[in-house]
Every structure is written in structure tokens, then in C-alpha cells.
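> Need coordinates for the following:
(one chain, ligands or ions: 1)
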Amino acid sequence: MAASSSPPKSPGLQAPSVERAKGPTGLEKVVLREERGFSAEVHLYGGQVTSWKNDRGDELLFVSSKATFKPPKAIRGGIPICFPQFGTHGSLKKHGFARNRFWVIDDNPPPFPTSTATKAFVDLILKPSEEDLKIWPNSFEFRLRVALGPGGDLVLTSRIRNTNTDGRTFSFTFAYHTYFSVSDISEVRVEGLETLDYIDYMRGKERFTEQGDAIVFESEVDKIYLDAPAKIAIIDHEKKRTYVVRKDGLPDAILWNPWDKKAKNVQNFGDVECKHMLCVEPAAVEKPISLKPGEEWKGKMELSAVPSSYCSGQLDPSKDVFLCSSVQFLWWISCELGSNATVIVAAGTLKALIYYLVLWQFG
Ligand SMILES: O=P(O)(O)OC[C@H]1O[C@H](O)[C@H](O)[C@@H](O)[C@@H]1O
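This next block holds a predicted model:
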């Protein structure tokens, strides 16, 4: 477990910290805080992130009001880890067993390249028990690092090693089953999955191709997008917030919202809670990961939450804020200039500038 001894750099900032605490039912958790005030909580049960808050204390992940925090049930919400099986793609029970196991803090993990600016992080490890080996006869070491960057980004890195001693290769599927908190699902748009092929769980696992438009939600969705890009954006219009999901080593992405009818059959989940959540899950499902003894796989997910003056069609929020503000400002001036001959020319020039700005950004 990482501790932070360094003092905050400027007044008003707090020292990053890593503390052990107990959750609502006495389960052990680790609380990470970074200097600007973002925080995250990780339960040892499930190795599951159960909270990620911004500097105003707003919760960014959805956790159901019906979540029980009572093993052996999985915790409904946050970021469950699906391993060694995603969904029903195999003989194990849905989503494998990692989310139903007690992980331990790894105080001495093998070297891990992390930015020196990141002070708030914890390393967890999961190894199979005798019982686990009966249902999945493979020896492994699963190391999970959960880190809170200095800017509040939440970074999860999984390293899974095959430690079989009898020469056997194993394969697995995997997902970070991330539950995002949203104001109202009907006000949310997802960008980055347009035109991709997907497998639709609601239509007999058949393969389809997504339309060219950003994805909006009007009913139940349960799809695996294949070969999804490294960046996906979730734009919450009502909250004026954009989540940016970056992924590495995880080719697929699942979108899930059970909607109100199906919600009644989802364990530990309120009937109307589907309105306030969306699961976007970086994953490796279509092509299972194969590891020979001694080999290690790495899969990383990085989440950031930015205010959205976010324009459609572009996945770099910092550029977007600049572009949107410039365009709004120039458009306002061009409209304010009025209608005499000189100003018509000036307004025309400004409008041309807007056109070039848009072309530069999206062209
Ligand atoms: O209820 P759970 O076992 O947690 O699964 C919740 C959901 O997880 C994924 O997103 C799957 O694609 C869904 O088919 C499943 O219903």
C-alpha cells in the first residue's frame, strides 16, 4: 500500500493520502485522496472500487441504494472486476469469481512503472483458493493497482500472471464493469462507438454494425462493441459533465443499462435506479486472452471527469473546451456587429475564421 509523506505543494491543497477504513457493514476498504480533493474507495472484497468523488465531493460512480456489502454477494455498483470469465462466456457463474473474493493488500508488488506525481495508490492481489482451483483449475496471480492521479483521474491496472507449474496454458475473459453515475440516462450520449460492430445480447448474441451517430438511450441496452477505440466519451448534458474512458490492452467495450422492466430482475438494484446509471465496460471478451506459464497480461483503464462544454465528434476534452469557447465568442461578435457595409465584411471574416476553426478541429 502506498503512503504519502510529501507535504502539499501550495496552500489550499491537501497532502495526498492512503488510509484503511471500514465500509457500511464492516468490510475493509482503502480510501485514496489526492491533493485537490478528489477521492476514491476500494473494498478488499471484490478488489472493487466503490467510490470516486471529485473535488466538490460529487460521487462519479453509481452504487445502488440496494447494494448489500455482504459476501458472498457481489457489490452492486462501482467497478466490479469480471475475471476469469465475463458474462456467461464459459462454464463459471456469470462474471467469474474475482468480484466475490477477498483480495489482500500487496505491500511489496513487483516494479510498476507509475508517474512519480501519483502518490495515492493501493496494490491488491488475488490468488486462487483450493475451492477456486476446483472450479477453475489454474494457478494465477492477479495484481490490481488502483491509483488516483494528481488531477483526480482514476487509473486501474490489472496484471495477471499464469503461475501453473504443470506447463498448462490458460485463457480468460475480463471486464472492468464500470457503473457511471449519470443525471438522467435519456440525457446521456456516448461517443467513440459509432460504426463499430457489436454483439447484441438482447438479440440472441447476433452481430450487427452500429450507425454513424453517437449513441443515445431510449430502452434496455446490452451490447459488446468489438475493437473499440482507446478513448470513449460519456457526455451527460444535464450535469454538464463528460467522462472520458481510456483503455489499453482491452479491445472491447460493453454498454449496459437494464432499463426499468429488466431492472426488477437485477439483484440488489432499485427499480428506478436504471435512470441514474450507465455501465461502460472496457473488456477483453471476443478474443479470450491466452497465457502460457510465466506469461503476464496487462489491462489498464483510466477515467477522467471533465466539465462539458464538450462538442460532438471529438474526444479531446481540453481542445474541445478551447474550441467551443472560441467559436461561441466569435459567433457572438459576428452577430453583434450589425449590418452596415464595413461591419458586414468584418462579420464575414469572423464567420470564415469560425469555419476554419471547425475545419482545423474536425477536418
Ligand atoms: O447482475 P450481474 O451479474 O452483475 O450482471 C449485470 C450485467 O453485466 C453485464 O453488463 C452484462 O452484459 C449483462 O448481461 C449483465 O446483466
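> tell me what the helix or strand hosting residue 298 is packed against?
For residue 298, the host element (DSSP states H and E) is strand 296-307. Using 3 or more C-beta pairs under 8 Å, 6 or more residues apart in numbering; DSSP states H and E, the elements in contact with strand 296-307 are strand 154-162, strand 170-176, strand 241-248, strand 277-291, helix 317-336. (C-beta placed from N, C-alpha, C; glycine too.)
> what's the average pLDDT for that strand?
Strand 296-307 shows a mean pLDDT of 97.
> Up against the ligand, what does the stretch 1-150 of the chain have?
Listed as neighbours of the ligand in the stretch 1-150 of the chain under the rule C-beta under 6 Å from any ligand atom: 87, 94, 95.
> what about the closest residue to the second one other than its chain neighbours, distance to residue 271?
Among residues not flanking residue 94 along the chain, residue 88 sits closest, at 5.7 Å (C-beta to C-beta, 6 or more residues apart in numbering). Using C-beta to C-beta, to the nearest Å, one gets 24 Å for the distance from residue 88 to residue 271.
> Residue 267 is in contact with residue 258, correct?
No: with contact taken as C-beta atoms under 8 Å, residue 258 and residue 267 are classed as non-touching, separated by 11.1 Å.
> Next, count neighbours for residue 162.
Neighbours of residue 162 under the rule other C-beta atoms under 10 Å: 21.
> correction: residue 41
Using other C-beta under 10 Å as the criterion, residue 41 is surrounded by 21 other residues.
> Does the residue in the stretch 201-350 of the chain that the ligand sits nearest to belong to a helix, a strand or coil?
Proximity of the stretch 201-350 of the chain to the ligand (C-beta to the nearest ligand atom) peaks at residue 256, 3.4 Å away. Secondary structure state of residue 256, per DSSP: H, G, I helix; E, B strand; the rest coil, is strand.
> What degree of burial does it show, as a neighbour count?
21.
> Now do the nearest residue to it once chain neighbours are set aside against residue 115, distance only.
By the measure of C-beta to C-beta, 6+ apart, the closest residue to residue 256 outside its immediate chain neighbours is residue 279, 4.0 Å from it. According to C-beta to C-beta, residue 279 stands 28 Å off from residue 115.
> again, but for residue 149
For residue 149, the distance to residue 115 (C-beta to C-beta) stands at 7 Å.
> Between these two, point out the one with more neighbours.
More neighbours sit around residue 149 than around the other of residue 149 and residue 115, counting by other C-beta under 10 Å; the figures are 21 against 10.
> where exactly do the helices run in the chain?
Assignment of helices within the chain using DSSP state H yields the ranges 130-135, 259-263, 317-336, 341-362.
> And the contacts of the second one?
Pointing back at helix 259-263 there. Among residues not part of helix 259-263, those counted as contacts by C-beta atoms under 8 Å, 6 or more residues apart in numbering are 219, 220, 221, 269, 270, 271, 272, 273, 274, 275.
> shouldn't the residue of the stretch 201-350 of the chain closest to the ligand be in contact with residue 281?
Yes: under the contact definition of C-beta under 8 Å, residue 256 touches residue 281, with a separation of 7.0 Å.
> excluding its backbone neighbours, what's nearest residue 188?
Ranked by C-beta to C-beta, 6+ apart and with sequence neighbours excluded, the top spatial neighbour of residue 188 is residue 182, at 5.0 Å.
> Just confirm that neighbour contacts residue 240, I think it does.
No: if you go by C-beta under 8 Å, residue 182 and residue 240 don't touch, sitting 12.0 Å apart.
> okay, these two: which has more neighbours?
In terms of neighbours (other C-beta under 10 Å), residue 182 is the more surrounded of residue 182 and residue 240; the figures are 25 against 13.
> For residue 195, give me its contacts.
Remark: with contacts taken as C-beta under 8 Å, 6+ apart, residue 195 is in contact with 209, 210, 211, 212.
> Quick one: residues in contact with stretch 178-186.
By C-beta under 8 Å, 6+ apart, the surrounding residues in contact with stretch 178-186 are 59-63, 77-79, 188, 216-218, 234, 236, 238-239, 243, 245, 257, 274-282, 301, 303.
> Mind doing that once more with 7 Å?
59-62, 77-79, 188, 217, 234, 236, 238-239, 243, 257, 274-281 (C-beta atoms under 7 Å, 6 or more residues apart in numbering).
> Ok, stretch 123-133 next?
1, 44, 47, 97-98, 101, 103-106, 109, 136, 139-145.
> can we see that at 6 Å?
For stretch 123-133, contacts defined as C-beta atoms under 6 Å, 6 or more residues apart in numbering pick out 47, 98, 101, 103, 104, 106, 109, 141, 142, 143, 144, 145.
> List the buried residues in that stretch.
Buried residues in stretch 123-133, counting neighbours by 16 or more other C-beta atoms under 10 Å, are found at 123, 124, 125, 126, 128, 132.
> Go ahead and confirm residue 291 touches residue 160.
No: applying C-beta atoms under 6 Å, one finds residue 291 not in contact with residue 160, separated by 7.0 Å.
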